[in-house]
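J.: Give me a 3D structure for the following:
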Amino acid sequence: MAHARRRVRSPAAALALLASVVVAPATSPHANLAAQETPAADVTGPLGLSGRLDPAEYLARRDSLLTTFDARDFSSAYRLARELTAAWDRDSGAWGRLGVAAERTGHPDEALAAYARAFELGTAYQPFLAHRAAAVAVRLGDHEAALAWIRRALDARFENRSDLQTMDDFRDLRSDPEFRRLAGFAPDTTADRTARWRYDLEYLGEEARRLHASPGRQAFSPAFTDGLAALRDSVPALSDGAILRGLQRVVALLGDGHSVVYGIVPAGGGPPPALPLVLYQFDDGIFVVDADSAHTALIGSRVLAFGDVPADTVLWRLAPYVNHDNAMTIRWLGVRFYMRSTGWLHTVGAAPDTSRAELTLRGPDGTVRRVTLRPAPDRLPRKLRWPWRHEAGGGAGRHGSPPLWLQDAASHYWSRWLPDAGVLYVQFNQVRDEKGHPLKAFAAELRARIDSTGTHTVVVDVRRNNGGNNGLLEPLLRTLEWFDVDRPGNRLFVITSRNTFSAAQDFVNRVDRRTDAIFVGEPSASKPNFTGEDTEVVLPYSRARVSISSRYWEDSDPGDDRPWVAPDMPVGLTSADYFAGRDPALEAVFEAVKADRMRDGR
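T.: Predicted structure coming up:
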């Protein structure tokens with residue numbers, strides 16, 4: 001028997017599996033099953049099995065339920081879930097799966113009752129359960145009950161509220177005024193522009209208070225409330241773009257790196273406009289590190305000023321607008337995205353208007369010049385790639401072999417044995433499964449490669465990893481824990497940077513907690529305990545997209561207030577290193593490994 005109960009699955013991953021079920025139309029007649037209030041507490045009745053199953057048999061059948069459910073064998077899952085809930089009525093997982101299986105096999109009355117019981121018992125999937133209960137109630141013709149369950153789903157912080165507007169489950173409710181309000185439709189009105197924007201701002205405030213998951217409750221703070229009110233008063237005097245930038249400053253008060261105003265999608269889709277170059281803040285200043293084909297001659301130049309404002313001052317002025325968990329997020333996002341936006345540059349007084357920006361640059365040869373650039377759809381890489389060097393004859397070209405940390409950024413993960421150093425180098429670029437090669441398989445291969453090489457040193461490089469799905473991390477963490485903790489004398493190094501963010505931060509946090517890893521490079525871009533998740537809010541009138549962080553990841557001690565995971569071996573990066581293809585962080589690791597060998601006589 002497959003012991004499915006031992007499989008590691010994050011709440012997010014399990015919810016995704018449940019939500020992936022495509023529900024078949026119900027065949028039973030209508031019933032009036034209104035959602036009832038949840039009892040204050042479950043304090044009566046026996047706590048053990050009813051006697052129909054002994055504990056060992058209950059466990060065996062529960063394993064079978066998980067296996068059949070995962071295999072989408074809903075007839076078998078329905079039978080097993082009914083047996084389990086009859087034997088013990090306090091297993092929310094069995095009740096939830098009974099709801100799905102009953103829905104799929106044409107028993108909507110039973111599905112609604114099962115969803116209600118699972119919701120009453122409490123699970124990590126409350127929003128899903130309430131949503132499915134609402135959908136079944138619609139199918140049974142009880143719109144009052146459906147609306148009650150939608151309210152419960154929203155109270156349980158159902159994410160992506162605007163999705164309710166297009167779900168087929170609720171098409172019979174789309175003309176209902178209360179449903180339209182709950183789903184976030186814009187009111188049917190001829191309100192003027194000012195009223196429409198003010199409605200959107202009030203809606204955003206409501207969603208922030210409903211969704212934002214920080215224990216600090218910043219969405220209820222006077223700063224956030226007053227900021228929205230001031231922006232609301234200013235609407236008549238502001239352009240749409242200025243309103244969105246003002247809203248970003250308010251959203252930044254939520255104090256996390258995932259809450260951000262994306263804005264209105266450009267007409268016809270495509271990427272938002274930005275200056276046609278990529279900037280990076282090295283230890284010795286802000287430089288152009290990439291550009292479109294028309295501006296390659298600028299690569300390698302240091303940015304001295306935007307207009308008459310020094311580049312460092314521009315970043316300082318931008319800081320209050322940048323969504324961030326700590327100062328490293330500002331160094332990353334502020335330079336990579338905000339500093340390339342003429343709208344943001346104009347907002348902080350560093351551009352004459354939103355149509356152009358004037359940059360003062362010092363080229364690699366020392367020549368200072370002033371250039372005017374205009375924004376274009378941003379199709380440049382979002383991550384650093386193999387460094388370029390300015391050539392004396394104009395233009396730019398690649399020189400020599402790329403350093404390891406800038407190789408193969410398109411792959412989510414890969415490893416290389418470095419025999420001269422005795423190091424197994426692992427580049428971990430994204431917390432996502434490669435097509436046909438999941439992270440779990442890579443973790444198993446890595447364990448085998450550690451054995452085959454006999455290495456005592458593993459280096460995991462997450463400098464270009466800005467996240468993904470943290471539910472995939474466990475197999476890799478187990479491999480690293482086995483290498484570092486179960487094999488005394490081994491050394492694990494992890495190289496981090498300002499780009500180590502989101503699920504990559506979760507990875508760093510858990511490595512920090514579970515191993516004796518040595519961290520190298522820059523501080524990470526988030527905190528050991530942080531508020532995250534990209535949860536989209538679509539403003540009803542403007543259709544502007546905003547993300548509100550809806551989950552709190554406590555990967556460390558509850559009292560851990562560190563702003564980041566700091567390196568044990570801090571190593572910076574200069575423009576000279578980058579353009580020459582040197583990697584001071586990895587070189588520092590090699591020196592530490594060499595010192596270990598000399599000390600141990602290896």
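
J.: Any stretches of the stretch 1-150 of the chain with poor pLDDT?
T.: 1-42 (pLDDT under 70).

J.: now the chain
T.: In the chain (pLDDT under 70), the answer is 1-42, 267-268, 388-400, 601-602.

J.: got the domain boundaries for it?
T.: As assigned by automatic domain parsing, the chain contains the domains 4-41+50-183, 273-397, 404-527+562-600.

J.: Format the ones you listed as a markdown table; extra columns: distance to D226 and mean neighbour count.
T.: C-beta: built from backbone N, CA, C; applies to glycine. As requested, those are arranged in a markdown table below (distance: least, CB to CB, whole Å; neighbours: other CB atoms under 10 Å):
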| stretch | distance to D226 | mean neighbour count |
| --- | --- | --- |
| domain 4-41+50-183 | 24 | 18 |
| domain 273-397 | 15 | 18 |
| domain 404-527+562-600 | 25 | 19 |
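
J.: so can I have CSV of the ones you listed showing distance to V538?
T.: Listed next are the domains of the chain as CSV, based on distance: least, CB to CB, whole Å:
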stretch, distance to V538
domain 4-41+50-183, 4
domain 273-397, 18
domain 404-527+562-600, 21
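
J.: nearest to R245, of those?
T.: R245 lies closest, by CB to CB, to one member of these: domain 273-397, at 5.2 Å.

J.: contact partners of the helix or strand hosting W482?
T.: Taking DSSP states H and E as the definition, one finds W482 inside helix 474-484. By CB atoms under 8 Å, 6 or more residues apart in numbering, the surrounding residues in contact with helix 474-484 are 8, 428, 439-440, 442-444, 446-447, 450, 458, 460, 490-492, 507, 510-511, 514-517.

J.: helices or strands next to the helix or strand where A118 lies in the packing?
T.: Assigned by DSSP H and E, A118 belongs to helix 108-121. Helices and strands touching helix 108-121, as assessed by 3 or more CB pairs under 8 Å, 6 or more residues apart in numbering; DSSP states H and E, comprise helix 74-87, helix 92-104, helix 126-139.

J.: can I get those in JSON lines with distance to F501?
T.: Converted to JSON lines, these look like this (distance: least, CB to CB, whole Å):
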{"stretch": "helix 74-87", "distance to F501": "38"}
{"stretch": "helix 92-104", "distance to F501": "32"}
{"stretch": "helix 126-139", "distance to F501": "25"}
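
J.: Distance-wise, check V520 relative to A223.
T.: 37 Å (CB to CB, to the nearest Å).

J.: what's the answer for S411, then?
T.: 42 Å.

J.: Could you tell me the angle between the helix or strand harbouring E57 and helix 74-87?
T.: Element membership of E57, judged by DSSP H and E, is helix 55-70. Relative orientation of helix 55-70 and helix 74-87, computed by axes from the mean of the first three to the mean of the last three CA atoms, to 10 degrees: 150 degrees.

J.: Dump helix 55-70 to CSV, restricted to CA.
T.: Extracted C-alpha coordinates of helix 55-70, given in CSV (Å, rounded to 0.1, in the frame of the first residue of the first chain):
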residue,chain,number,x,y,z
PRO,A,55,-7.5,2.2,14.3
ALA,A,56,-5.2,0.1,12.1
GLU,A,57,-7.9,-0.5,9.5
TYR,A,58,-8.9,3.2,9.7
LEU,A,59,-5.3,4.2,8.8
ALA,A,60,-5.2,1.7,6.0
ARG,A,61,-8.4,3.0,4.5
ARG,A,62,-7.3,6.6,4.9
ASP,A,63,-4.2,5.8,3.0
SER,A,64,-6.3,4.2,0.3
LEU,A,65,-8.6,7.3,0.2
LEU,A,66,-5.6,9.6,-0.4
THR,A,67,-4.3,7.3,-3.1
THR,A,68,-7.6,6.9,-5.0
PHE,A,69,-8.3,10.6,-4.7
ASP,A,70,-4.9,11.6,-6.1
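
J.: chain center to it: distance?
T.: How far helix 55-70 lies from its chain's middle: 33 Å, per CA atoms, centre = their mean, to the nearest Å.

J.: elements contacting that helix?
T.: helix 74-87, helix 92-104.

J.: Could you rerun that using 6 Å?
T.: Contacting helix 55-70 under the criterion 3 or more CB pairs under 6 Å, 6 or more residues apart in numbering; DSSP states H and E are the following elements: helix 74-87.

J.: Output the helix it packs on as CSV, restricted to C-alpha atoms.
T.: The C-alpha trace of helix 74-87 is given here as CSV (Å, rounded to 0.1, in the frame of the first residue of the first chain):
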residue,chain,number,x,y,z
PHE,A,74,-13.7,9.4,-7.4
SER,A,75,-16.1,6.4,-7.2
SER,A,76,-13.6,4.6,-4.9
ALA,A,77,-12.8,7.8,-3.1
TYR,A,78,-16.5,8.4,-2.5
ARG,A,79,-17.0,4.9,-1.0
LEU,A,80,-13.9,5.1,1.2
ALA,A,81,-14.6,8.7,2.4
ARG,A,82,-18.2,7.6,3.5
GLU,A,83,-16.7,4.7,5.5
LEU,A,84,-14.2,6.9,7.2
THR,A,85,-16.5,9.7,8.1
ALA,A,86,-19.1,7.2,9.4
ALA,A,87,-16.3,5.6,11.6
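
J.: Need the residues that contact it.
T.: With contacts defined as CB atoms under 6 Å, 6 or more residues apart in numbering, helix 74-87 is touched by 49-50, 52-53, 58, 61, 64-65, 68-69, 94-95, 97-98, 101-102, 104-105.

J.: which parts of stretch 205-219 are buried?
T.: Neighbour counts using 16 or more other CB atoms under 10 Å place G205, E207, A208, R210, L211, H212, A213, S214, Q218, A219 of stretch 205-219 among the buried residues.

J.: roughly how far out does the longest helix that the chain contains sit from the chain middle?
T.: In terms of residue count, the longest helix belonging to the chain (DSSP state H) is helix 193-211. Its chain's C-alpha centre and that of helix 193-211 lie 23 Å apart, by CA atoms, centre = their mean.

J.: so what does whichever helix or strand comes after it touch, helix or strand wise?
T.: Next in sequence after helix 193-211, counting helices and strands by DSSP H and E, comes helix 222-234. Here helix 222-234 touches helix 193-211, helix 240-252, going by 3+ CB pairs under 6 Å, 6+ apart.

J.: May I see the ones you listed organised as TSV, with distance to A133 added?
T.: Supplementary listing: the helices and strands packed on helix 222-234 in TSV, determined by distance: least, CB to CB, whole Å:
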stretch	distance to A133
helix 193-211	19
helix 240-252	32
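
J.: So for G471, which of those sits nearest?
T.: Closest among the helices and strands packed on helix 222-234, using CB to CB: helix 193-211, at 20.1 Å.

J.: From the rest of the structure, what touches that closest one?
T.: Applying CB under 6 Å, 6+ apart, the set of residues contacting helix 193-211 is 157, 219, 228, 232, 235-236, 243, 535, 537, 539-542, 548, 550.

J.: filter those to the buried ones?
T.: Taking 16+ other CB under 10 Å as the criterion, what is buried in those is 157, 219, 228, 232, 235, 243, 535, 537, 539-542, 548, 550.

J.: could those residues go into TSV alongside distance to A592?
T.: TSV is the format used below for these (distance: CB to CB, whole Å):
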residue	distance to A592
R157	45
A219	44
L228	50
R232	55
V235	57
I243	51
T535	41
V537	46
L539	51
P540	56
Y541	57
S542	53
I548	42
S550	40
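
J.: which among those gets closest to A148?
T.: Using CB to CB, the buried ones among the contacts of helix 193-211 come closest to A148 at R157, 16.9 Å.

J.: Which strand or helix spans L446?
T.: helix 439-453.

J.: which strands and helices sit next to that helix?
T.: Partner elements for helix 439-453 (3+ CB pairs under 6 Å, 6+ apart): helix 474-484.
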